[in-house]
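> Sharing a model that was predicted from the sequence below.
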Amino acid sequence: METQTVPAPSKAAAPQKQRVLIVEDIKFNRELVEQILCHDYHIDLAWDGLMAIEKTDSFRPSLILMDISLPRMDGLEATRRIRAKHGGGLRIVALSAHAYPHDIRLAKEAGVDDYLTKPFLPKDLLTMVRKNLAG
């Protein structure tokens, strides 16, 4: 009787999840955003501007979701420093309750690519993340 060898099924590498850094000082907000995104993206967390800069270097995200009002260093200054070091290839989206046109203009001047005002719906966050990671 002749035995046939059946090749093992190929284990194609699963596509690597894109990296998203969530920078938010309020624990509830940080955990909420993480919960919305954790199934589709590789997440890391920071809760102040200085930590955001450090995590950008070590985690190397494709996208940063940056709160504006943060302890130790605000999100605008953190964005400026990240832009100075990493240039424009990294997408930064502000997530902020500061909703006046003046606030959005200041964020854009600091280097933010996009802006989502809190509170937001989960679908709006997902849409914003997908849009900014698509190009």
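Perfect, I can see it now. Numbers count the residues shown, from 1 in each chain.

> partners of residue 21 in the sheet?
Residue 21 has the following beta-bridge partners by DSSP bridges: residue 44, residue 64.

> Could you shift the numbering so residue one becomes 637, and keep it that way?
Yep, numbering from 637; the last one is residue 657 now.

> so it makes contact with residue 695?
Yes: Residue 657 lies in contact with residue 695 (Cβ atoms under 8 Å); the separation is 5.8 Å. All C-beta atoms are positioned from the backbone trio N, CA, C, and that covers glycine.

> Which one of these two is surrounded by more residues?
Legend: neighbour count by other Cβ atoms under 10 Å for residue 657 and residue 695, higher for residue 657 (25 against 17).

> ok, now which ones touch that one?
Neighbouring residues of residue 657 by Cβ atoms under 8 Å, 6 or more residues apart in numbering: 679-682, 688, 691-692, 695, 697, 699-701.

> now swap in residue 734 and tell me
Residue 734 sits next to 704-705, 740, 743, 753 when contact means Cβ under 8 Å, 6+ apart.
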